[in-house]
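1. Curious how this folds, go ahead:
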Amino acid sequence: MVQLTVATLNTRGMPLRSQLSARYAAIGALFEASDVDVVNFQEVLTYYHLRQLLQAMPSYRHASYRRSLAGPAGGLLTLSRTALASPEYRRFPLPPAAHAVGLPRLSRRLAHLKGVLLTRLPQLTIANTHLLANRDGDWSEANRYYRLHQDQLAALAQVLAALNQPTIVSGDFNIARTSPLFTSFLHTTGLLDPFAPSCPPTFHASYLSPHQTPHCIDFLLATPPVTATATRLTFT
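-> Model (predicted):
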């Protein structure tokens, strides 16, 4: 039996004015002193910030990402203390025009930059993903982001269905655990949620508007026969 400790973290997920360099140093210091074997990062958007993480986490000697013009494709990076196979990056398809009606122009542009990074270990695949942010904080079927998120989850499910070994799927899904989108995704993929039946909020309330409620929007999921012996929330 292989035991592995896996973590996921959106390295930004906050206003652009935030002090990213200091934040990255703190992130690196925490994981470097931890027992975590593999970390899936999202929003590592530039090679400058990639270098910062690599320098702050020297024991994570294996880096998995797909190169793009500015930085890791999709902002996705997987760091590991054990050897990794060559990564594979799958970009989500361009959403149909009808599914982007009413969305901000920036959201429409960013949607096609999202995807999933696949990293293979000898007996396991690590999938790292980041879906488009829902700026409304509403995941009901009437919301303008609903159909686009549905498309991205369907694309992710299709990628996972083609894998031929047990998989851990994690990342910033930007959908609430209580939403029908998440429930349907679990049903379609057969993924297990080790944090069930409850999951603490993974987005700090201080970065939300006064009328919004913090939710669990970041997930660590697994296909059978992978099981979790313990779960915990870091950076509370």
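
2. residue contacts, Gln123?
-> By CB atoms under 8 Å, 6 or more residues apart in numbering, the contact list for Gln123 reads 2, 165-166. Where C-beta positions appear, they are placed from N, C-alpha and C, glycine not excepted.

3. Quick check: bridge partners of the most centrally placed residue in the chain?
-> What sits nearest the mean C-alpha location of the chain, by CA atoms, centre = their mean, is Gly171, with 1.6 Å. For Gly171, the beta-bridge partners under DSSP bridges are Thr129, Phe219.

4. Flag the shaky bits of this structure, pLDDT-wise.
-> By pLDDT under 70, the low-scoring segments of the chain are 1, 13-18.

5. What distance do you get for Glu43 to Pro96?
-> According to CB to CB, to the nearest Å, Glu43 stands 26 Å off from Pro96.

6. Which one's more surrounded, these two?
-> Just comparing Glu43 and Pro96: by other CB atoms under 10 Å the higher neighbour count belongs to Glu43, 20 against 11.

7. State the number of residues packed around the nearest residue to the more buried one once chain neighbours are set aside.
-> Of all residues not flanking Glu43 in the chain, Arg12 sits nearest, at 4.1 Å (CB to CB, 6 or more residues apart in numbering). Counted by other CB under 10 Å, the residues lying close to Arg12 total 19.

8. Relative to Val169, how far out is Arg12?
-> Going from Arg12 to Val169 by CB to CB gives 21 Å.

9. Roughly how far does the closest residue to Leu191 other than its chain neighbours sit from Pro93?
-> Nearest non-adjacent residue to Leu191, counting by CB to CB, 6+ apart: Leu221, 4.1 Å away. Per CB to CB, Leu221 is found 22 Å from Pro93.

10. Kindly report the same for Ala85.
-> Distance of Ala85 to Pro93, given as CB to CB: 25 Å.

11. residues making contact with the longest helix along the chain?
-> Secondary structure of the chain per DSSP state H: the longest helix is helix 146-161. Defining contact as CB under 8 Å, 6+ apart, one finds that helix 146-161 is touched by 90, 92-93, 95-96, 98-100, 103, 111, 114, 116, 118, 127, 129, 131-132, 134, 139-140, 167, 169, 174-175, 181, 184-185, 188-189, 191, 223.

12. Let's see that with 6 Å instead.
-> 90, 92-93, 95, 99, 116, 129, 131, 175, 181, 185, 188-189 (CB atoms under 6 Å, 6 or more residues apart in numbering).

13. Kindly report the same for stretch 205-225.
-> Residues outside stretch 205-225 that contact it (CB under 6 Å, 6+ apart): 8, 14, 137, 166-170, 172-174, 176-177, 191-193, 199, 201-203.

14. again, 8 Å this time
-> With CB under 8 Å, 6+ apart as the test, stretch 205-225 has contacts from 6-10, 13-15, 137, 160, 166-178, 182, 186, 189-195, 199-204, 228, 231.

15. ok now that stretch, how far from the chain's centre?
-> Per CA atoms, centre = their mean, to the nearest Å, the displacement of stretch 205-225 from the mean C-alpha position of its chain is 11 Å.

16. Mark which of the contacts of helix 146-161 are part of strands, please.
-> Mapping the contacts of helix 146-161 onto strands (DSSP state E) picks out 90, 116, 129.

17. How are the helices of this structure distributed by residue range?
-> For the chain, the helices defined by DSSP H cover 20-32, 47-56, 105-111, 146-161, 180-189.

18. Mean neighbour count and distance to Ala70 for these - can I get that in JSON lines?
-> Formatted as JSON lines, these follow (neighbours: other CB atoms under 10 Å; distance: least, CB to CB, whole Å):
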{"stretch": "helix 20-32", "mean neighbour count": "16", "distance to Ala70": "14"}
{"stretch": "helix 47-56", "mean neighbour count": "17", "distance to Ala70": "7"}
{"stretch": "helix 105-111", "mean neighbour count": "14", "distance to Ala70": "13"}
{"stretch": "helix 146-161", "mean neighbour count": "19", "distance to Ala70": "21"}
{"stretch": "helix 180-189", "mean neighbour count": "17", "distance to Ala70": "29"}
